[in-house]
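Trainee: below is the sequence, then the predicted model.
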Amino acid sequence: MQKSELTHIDKLTSGLAHEINTPLTYIKGVVEMMGYTAEDIENDSIRTQLQSDMEMLSSGMRRLELLADSMREMSNTSKEEKQEINIYETLISALKSVNKRLEYVDSVTVNDDEFSVDMLKDKYQHLAYVHYHRIELLWTIIINNALDSLLLETHEDENTYLKIESKVENKSVIVTIKDNGNGIDSDLIDSIFEPFTSTKDYSGIGMGLNIARKIVKENDGEISAVNMNNGVKFTITLPSVIPE
Amino acid sequence: MSSKKNIVIVDDEKDILDILQRFLSRSEKYNIKTYDNPITAKSHINESIDLVLLDVMMPQMNGLDLLEKIQENNNKTKVIIMTAYSTLDKVLESHRKGAVDYITKPFGSLKALETQIDKLLSV
């Protein structure tokens, strides 16, 4: 593709992201306001029904927001500065941002500690020199990807888990993210990091993992995925900073 | 005279103005005026305004240019920049031009935004 064509696509993509975000801002605001109004409804069944409807709206909005984020990230030419970041901390932050969805998974652990919203972010110091916001987005993408399969109705009666591990080894910070949500179709596993490859029948335009790879590459790291034990395991390696 | 704090919101999207005004009016702590045209807003922002919530991408005038004008005219008014674009360059530029804070659209939650405003205006 010509460079000028790419520039046009970048502009179109970031324009679209802006056009999605603007209405989303007031839709999200209105839904939040409706939530406060609903709290005052005395009829229990009406209130509960409204609250569950709003939960559904929120989940749809979250998907749109993530889509706009991904589109912006795809076209993003601005340079976020790299800095010394505790990778463990970014993992905890990303988990907190999807906390609501995590409630439906039976076990969510980070280095064998059960995840909770008030979990300390500095229990471990796994330092890398990276783009803070992008790395947090990277975890959000991979975790949401795992949750998309873990939260399918077919897993309702199973013991679902999301197992995250972070460690420093051989001058690298190594993060693994494992789930037991059936894994990725073997025909697709080699191409999941390519754009517009969706592993989901019901949703997704297949940009998430492409962005994930882009972020990892920008930060001089590596990413891979393998199917194992009824699920998928992502391994991300980032160059570590040894504390002085 | 009212002891309520005065807030001006500038955004070319009327629906965003509407929802922000409705939400922030609930507590009756603030007097709120909204403008969908930054050029009109400019002549109404003076020292009596405690806070401006300011969009960036507007057809008539860039919010960061308006921020600069507000800073030239008075140093009492605080400005929070809000935009659907969150690039580090924009954040740095708005801070350099004197914005006290920077939020991205869609907002995390209106309640969090209100808490942020309460803190800033010590309400």
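Mentor: Okay, I see it.
Trainee: roughly how far does the residue nearest to the spatial centre of chain A sit from chain B?
Mentor: What sits nearest the mean C-alpha location of chain A, by CA atoms, centre = their mean, is A:T140, with 2.0 Å. Separation of A:T140 from chain B (CB to the nearest CB, to the nearest Å) stands at 14 Å. (Glycine included, C-beta is placed from N, CA and C.)
Trainee: host element of that residue?
Mentor: helix A:132-150 (DSSP states H and E).
Trainee: need the next SSE after the helix or strand bottoming out on mean pLDDT in chain B, C-terminal direction.
Mentor: Least confident helix or strand, chain B: helix B:88-96 with a mean of 64, by mean pLDDT, DSSP states H and E. Scanning forward in sequence from helix B:88-96 by DSSP H and E, the next helix or strand is strand B:101-104.
Trainee: who are the packing partners of that next one?
Mentor: Helices and strands touching strand B:101-104, by 3 or more CB pairs under 8 Å, 6 or more residues apart in numbering or on different chains; DSSP states H and E, are strand B:78-83, helix B:88-96, helix B:110-120.
Trainee: can you tell me what sits against the shortest one?
Mentor: With contacts defined as CB atoms under 8 Å, 6 or more residues apart in numbering or on different chains, strand B:78-83 is touched by B:11, B:50-57, B:63-64, B:67, B:70-71, B:90, B:94, B:98-105, B:107, B:116-117, B:120-121.
Trainee: among those residues, the buried ones, what's the ChimeraX command?
Mentor: In ChimeraX syntax, the buried subset of those is picked out as below (16 or more other CB atoms under 10 Å in any protein chain shown):
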select /B:11,50,51,52,53,54,55,56,63,64,67,70,90,94,99,101,102,103,104,105,107,117
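Trainee: and the helix or strand containing A:I211, anywhere near chain B?
Mentor: Here A:I211, judged by DSSP H and E, is contained in helix A:208-218. No - shown here: helix A:208-218 not in contact with chain B (CB under 8 Å from any CB of the partner chain), separated by at least 13.6 Å.
Trainee: now do that helix: distance to the chain's middle.
Mentor: 12 Å (CA atoms, centre = their mean, to the nearest Å).
Trainee: tell me what angle that helix forms with helix A:132-150.
Mentor: On the basis of axes from the mean of the first three to the mean of the last three CA atoms, to 10 degrees, helix A:208-218 is oriented at 150 degrees to helix A:132-150.
Trainee: still on that earlier bit, isn't the residue nearest to the centre of chain A up against A:K96?
Mentor: No - distance between A:T140 and A:K96: 10.3 Å, which falls outside the contact criterion (CB atoms under 8 Å).
Trainee: helices or strands next to whichever strand or helix holds A:S52 in the packing?
Mentor: Here A:S52, judged by DSSP H and E, is contained in helix A:44-75. The elements that helix A:44-75 packs onto, with contact taken as 3+ CB pairs under 8 Å, 6+ apart, are helix A:3-39, helix A:132-150, helix A:208-218.
Trainee: in it, what's buried?
Mentor: A:50, A:62, A:64-75.
Trainee: return the member of those nearest to chain B.
Mentor: Closest to chain B out of those is A:E65 (6.1 Å), distances taken as CB to the nearest CB.
Trainee: about what we covered before: would you turn the buried residues of helix A:44-75 into CSV with pLDDT?
Mentor: Formatted as CSV, the buried residues of helix A:44-75 follow (pLDDT from 0 to 100):
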residue, pLDDT
A:L50, 92
A:R62, 83
A:L64, 89
A:E65, 86
A:L66, 82
A:L67, 84
A:A68, 85
A:D69, 79
A:S70, 78
A:M71, 82
A:R72, 77
A:E73, 72
A:M74, 72
A:S75, 71
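Trainee: so where is the chain shaky, pLDDT-wise?
Mentor: I went with chain A, as the question did not name one. Within chain A, the stretches with pLDDT under 70 are A:1-6, A:76-80, A:195-207, A:243-244.
Trainee: chain B was what I was after
Mentor: B:1-2, B:85-93, B:95-96.
Trainee: could you give the number of residues near A:E39?
Mentor: As a burial measure, A:E39 scores 10 neighbours (other CB atoms under 10 Å in any protein chain shown).
Trainee: related to what we said a few turns ago, for the helix holding A:T140, list the C-alpha coordinates in CSV.
Mentor: Written as CSV, here are the backbone C-alpha positions of helix A:132-150 (Å, rounded to 0.1, in the frame of the first residue of the first chain):
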residue,chain,number,x,y,z
TYR,A,132,2.5,3.2,30.4
HIS,A,133,-0.9,3.7,28.8
ARG,A,134,-0.3,1.4,25.9
ILE,A,135,0.9,-1.4,28.1
GLU,A,136,-2.2,-1.0,30.2
LEU,A,137,-4.3,-1.2,27.1
LEU,A,138,-2.4,-4.3,26.0
TRP,A,139,-3.4,-6.1,29.2
THR,A,140,-7.0,-4.9,28.8
ILE,A,141,-7.2,-6.3,25.3
ILE,A,142,-5.8,-9.7,26.3
ILE,A,143,-7.9,-9.9,29.4
ASN,A,144,-11.1,-8.9,27.7
ASN,A,145,-10.3,-11.4,25.0
ALA,A,146,-10.1,-14.2,27.6
LEU,A,147,-13.3,-12.9,29.3
ASP,A,148,-15.2,-13.0,26.0
SER,A,149,-14.8,-16.7,25.9
LEU,A,150,-14.9,-17.4,29.7
